[in-house]
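Colleague: mind looking at a prediction? Sequence and model below.
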Amino acid sequence: MSDEAAPRIALGSWAFAFGPFAADPWNFDRLCGYAAEVGYDGVEINGFRPHPHDEDFTPADCARLRDRLAELGLGVSAYAPDLHSTPPADVPAADYLARIESVLTFCGRMGISTLRVDSISPPGPVDRSRLEHLADTWRQAAGRCADAGVRMVWEFEPGFWLNRPSDVQELIHTVAHQNFTVLFDTSHAYAGAVAGARHGDDPELLAGGVAEYARLLAPYVGHLHLIDGDGSLHDEETSAHLPFGTGKLDFDGIIAALGRTALDLDWWTVDFCFCPTTERDAATAVPFVRTLADRARRSGATR
């Protein structure tokens, strides 16, 4: 999208369901009301119950949810379904694809055009046969998604298998499908490129940090999550997501490194996963991200 209003800004709904909110998660309608009130253009739907799970929603349920989102003036940036029962590197491709078909049915009913996936399995050594199985499964899934008009994006992160920069690039080239792209999460990128989080005894760091990672992956980026980070981990598993201005990220530099890729995206999603101060800080994130996008538009670095 090249319109001056783009990219639109979404709030990931998992921020009010996981981590410090897990014991008493906000229901989805409350989350949507909050997002609209503080100025977001949309929401990114967490597909883990109690938020909308594809297997629970009938056509009538989807129609009601679409109407409610329209009433609030919100779009949907992407869907992040619960696929934990079918880790794609470890189950038959048919099992994973069956879940993808259910998810795509939900996306079609909701008019959602981007689907977020991850490798689900914990970090570990790279076994070639297992990587090939994952790549083949995701290649087939990317084709199914393409047929449904949905972009498939992979979110790499310290908490899941294939989290080193070279592994990420290798998988992209092994899947080799034009509808398979990556979700670039700024905190995860810092953890991978700068902190070497969960890389094992021989961390793989990039001399140019997150900006170098962004330049390497820019041709393959299909979706963007913005949040601050400092390389620390939540519960020693995945990147801690920190309020803007409290971490170590140079957002102007990251957006410049992504180039036109960043501004050509329809959505930028703000990801406060596991952050206990989300209710306060997700509100001030809206003007921060809008100003970031404005500066990027005015800068020749993104042309």
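Modeller: Nice, thanks for sending it over. Numbering: from 1, shown residues only.
Colleague: which stretches of the protein have low pLDDT?
Modeller: Regions of the chain meeting the criterion pLDDT under 70 cover residues 1-5, 300-303.
Colleague: strands of that one, start to end?
Modeller: With DSSP state E as the criterion, the chain has strands at 8-12, 42-47, 75-81, 114-117, 151-155, 180-185, 221-226, 233-234, 238-239, 267-270.
Colleague: now for the last one, which elements pack on it?
Modeller: In this case it means strand 267-270. Here strand 267-270 touches strand 8-12, strand 42-47, strand 75-81, strand 221-226, helix 278-298, going by 3 or more Cβ pairs under 8 Å, 6 or more residues apart in numbering; DSSP states H and E. Where C-beta positions appear, they are placed from N, C-alpha and C, glycine not excepted.
Colleague: could you rerun that using 7 Å?
Modeller: Contact partners of strand 267-270 among helices and strands, from 3 or more Cβ pairs under 7 Å, 6 or more residues apart in numbering; DSSP states H and E: strand 8-12, strand 75-81, strand 221-226, helix 278-298.
Colleague: quick one: closest of those to residue 162.
Modeller: strand 221-226 (16.4 Å; Cβ to Cβ).
Colleague: just the angle for that closest one relative to strand 180-185, thanks.
Modeller: If you take axes from the mean of the first three to the mean of the last three Cα atoms, to 10 degrees, strand 221-226 sits at 10 degrees to strand 180-185.
Colleague: list the contacts of strand 221-226.
Modeller: 78, 114, 116, 151, 153, 181-186, 258, 261-262, 265, 268-271, 289 (Cβ atoms under 7 Å, 6 or more residues apart in numbering).
Colleague: same question, stretch 153-160
Modeller: The set of residues external to stretch 153-160 that reach it, using Cβ under 7 Å, 6+ apart, is 114-123, 162-163, 168, 180-183, 185, 188, 191-192, 197-198, 222-223, 233, 237-239.
Colleague: change it to 6 Å
Modeller: Residues from elsewhere that reach stretch 153-160, judged by Cβ atoms under 6 Å, 6 or more residues apart in numbering: 116-119, 163, 168, 181-183, 188, 191, 197-198, 222-223, 237-239.
Colleague: try stretch 170-180
Modeller: So stretch 170-180 is in contact with 135, 138-139, 142, 145-146, 152, 162, 220, going by Cβ under 6 Å, 6+ apart.
Colleague: what's the closest of the strands of the chain to residue 90?
Modeller: strand 114-117 (14.2 Å).
Colleague: how far off centre is that closest one?
Modeller: 7 Å (Cα atoms, centre = their mean, to the nearest Å).
Colleague: and for stretch 227-236?
Modeller: 16 Å.
Colleague: report the buried residues of that stretch.
Modeller: 227-231, 233-234 (16 or more other Cβ atoms under 10 Å).
Colleague: and if you look at stretch 135-149?
Modeller: 135, 137-145, 148.
Colleague: how about stretch 19-30?
Modeller: 19, 21, 25-26, 28.
Colleague: what's the end-to-end length of it?
Modeller: Stretch 19-30 has its terminal residues 18 Å apart, counting by Cα to Cα, to the nearest Å.
Colleague: who touches it?
Modeller: Taking Cβ under 6 Å, 6+ apart as the rule, stretch 19-30 contacts 16-17, 50-51, 274, 276.
Colleague: can you rerun that using 8 Å?
Modeller: Residues from elsewhere that reach stretch 19-30, judged by Cβ atoms under 8 Å, 6 or more residues apart in numbering: 13, 15-17, 34, 45, 50-52, 65, 68, 234, 273-276, 278.
Colleague: for PyMOL, what selects the buried ones among those residues?
Modeller: To isolate the buried members of the contacts of stretch 19-30 in PyMOL, using 16+ other Cβ under 10 Å:
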select buried, resi 13+15+16+17+34+45+51+52+65+234+273+274+275+278
